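# Structure for the following, please:
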Amino acid sequence: MPTATPDVSIIIVNYKTPQLIIDCLHSVFEHTQGVSVEVIIVDNESGDNSESLVRGAFPEAQFPQVRWFDMGYNAGFGRANNFGMKQARGRNVLLFNSDTLLVDDLISRCSQLLDQQADVAAVGAMQINREGQVHPQLFTRFAQLRRFCYILPERWLNRIFPDSHYADPNQVDWIIGAFLMTRQTTIGQTGGFDERFFMYGEDVEWCWRLGKQGRMLVLHDGFFVHLEYGSDISNATRKVTFINRFKTQMQLSNLLWIRKQYGAGAYLLLMIHYYTLVPIVYGWKISINLRQGKPLFSELTNQRAFAQQVGIFSRFFWATLFNQNRFFKV
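Just a heads-up that it's a prediction; the model follows:
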């Protein structure tokens, strides 16, 4: 059992992604040279041989940093990370997705930045794909996410929800939880994730609290590969349209975030928007079918999918409105 305090505790949540973690850890140990690290893996009841594959690939004599913990149930992203943060011994803590890869010594750079700049609460980096291309949809402002939640013309939304602006081009409102480093002391001041969130949105809400402790930075000249989807590969092939573009669990979490951060009025306004849209999108498609001479109720797949999503959100309506303490899992 190592006695020296590591500079960075790396926390990875696993749910049936052993090979992704093996590749991830290869990249960590290959590129991280400037700081000492420990690796904490928290398993969300994968029910497979993830542990034996991961720990078998890294004999203890070679990689003694790897520590494995079982949650005993599928706790989601926030609860599992909270558990991992409680086990962490490092001065700084990195939340790192299993479906990510390092391309250089980004961990040392971020750790040293936190050590040297006391006014920075947390730091992240730019996401790229395997080909080195920056992910086109990188939300770093709360207003960007609020605009995404509405199905309205973009020019309207830009006026209603303008972006925040900072003198430092690296400063942001929030950092994606796939690569987010902060201090142990900052976690102690803010608390961990809100454990009502099952998955998605919890990093946005946490960053709102982290941002009260200092600046939030995303290094525009720092990069990590984010393969995305991990164990949720169904989203990679899901057909997306302007109307039917929400991932149900993600949007339910976004609704909880809006309610907590912006209040009941903002939440009610968004839900009224969805309820109003249901008859509008049906009527719009039916009128098109009428003009084109098609059966009135044909080709309504997107409309039905949107109505079904609104129905799922409605199951959590009162719990969200009254900010109840329950697990918001679809």
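# ok, the nearest residue to Val172 once chain neighbours are set aside to Ile280 distance?
Distances taken as CB to CB, 6 or more residues apart in numbering put Thr140 closest to Val172, at 3.7 Å, once the chain neighbours are dropped. Where C-beta positions appear, they are placed from N, C-alpha and C, glycine not excepted. Computed as CB to CB, to the nearest Å, the Thr140 to Ile280 distance reads 31 Å.
# So for these two, which sits in the more crowded spot?
Ranked by neighbour count (other CB atoms under 10 Å), Thr140 and Ile280 place Thr140 first, with 21 against 12.
# quick one, what contacts that one?
Listed by CB atoms under 8 Å, 6 or more residues apart in numbering, the contact partners of Thr140 are Val172, Asp173, Trp174, Ile175, Val218.
# on that earlier part again, and the residue nearest to Val172, what element?
For Thr140, there is no enclosing helix or strand under DSSP states H and E.
# List the buried residues for the helix or strand bottoming out on mean pLDDT in the chain?
The helix or strand of the chain with the lowest confidence, counting by mean pLDDT, DSSP states H and E, is helix 50-57 at a mean of 82. Across helix 50-57, burial judged by 16 or more other CB atoms under 10 Å covers Ser50, Glu51, Val54, Arg55, Ala57.
# Show me what the helix or strand containing Ile258 is packed up against.
Using DSSP H and E, Ile258 sits in helix 248-262. If contacts are counted by 3 or more CB pairs under 8 Å, 6 or more residues apart in numbering; DSSP states H and E, helix 248-262 sits against helix 142-148, helix 202-210, helix 264-291, helix 301-315, helix 317-321.
# name the helices or strands packed onto the fourth one?
This points to helix 301-315. Counting by 3+ CB pairs under 8 Å, 6+ apart, the packing neighbours recorded for helix 301-315 are helix 248-262, helix 264-291.
# Ranking these by mean neighbour count, which comes first?
By mean neighbour count, with neighbours taken as mean count of other CB atoms under 10 Å, helix 248-262 ranks first of the helices and strands packed on helix 301-315 at a mean of 21.
# residues in contact with that helix?
Helix 248-262 is contacted from outside by 142, 145-146, 149, 194, 196-202, 204-205, 208, 266-267, 270-271, 309, 312-313, 316, 320-321, 323, 328-330, using CB under 8 Å, 6+ apart.
# any idea of the angle that helix forms with helix 202-210?
Counting by axes from the mean of the first three to the mean of the last three CA atoms, to 10 degrees, helix 248-262 lies at 20 degrees to helix 202-210.
# How far off centre is helix 248-262?
The chain centre lies 12 Å from the centre of helix 248-262; the measure is CA atoms, centre = their mean, to the nearest Å.
# before we move on, what about stretch 315-326?
Mean-position distance between stretch 315-326 and its chain equals 21 Å (CA atoms, centre = their mean).
# how long is that stretch from one end to the other?
End-to-end distance of stretch 315-326 (CA to CA, to the nearest Å): 13 Å.
# same deal with stretch 27-39?
From its first residue to its last, stretch 27-39 covers 13 Å (CA to CA).
# what do you get for stretch 188-204?
By CA to CA, the extent of stretch 188-204 from end to end equals 18 Å.
# Could you do stretch 56-71 as well?
End-to-end span of stretch 56-71 (CA to CA): 20 Å.
# now the angle from the helix holding Ile258 to helix 264-291?
Going by the same axes, to 10 degrees, helix 248-262 makes 140 degrees with helix 264-291.
# which stretch among the helices and strands packed on helix 248-262 comes nearest Lys16?
Proximity to Lys16 (CB to CB) singles out helix 202-210 among the helices and strands packed on helix 248-262, at 20.0 Å.
# Each with direction, which strands does the next helix or strand after the closest one pair with?
The helix or strand immediately downstream of helix 202-210 is strand 215-226, counting by DSSP H and E. Strand 215-226 has the following strand partners under DSSP bridges: strand 100-102 (antiparallel), strand 120-128 (parallel), strand 171-172 (antiparallel).
# Let me know which of those is tucked in deepest.
Among those, strand 120-128 has the highest mean neighbour count (mean count of other CB under 10 Å), at a mean of 24.
# Farthest pair within the contacts of Thr140?
Farthest pair in the contacts of Thr140 (CB to CB) is Asp173 and Val218. Separation: 10.0 Å.
# Comparing these two, which shows the higher neighbour count?
Taking other CB under 10 Å, Asp173 and Val218 do not tie; Val218 has more neighbours (23 against 20).
# That's all I had, so thanks and see you.
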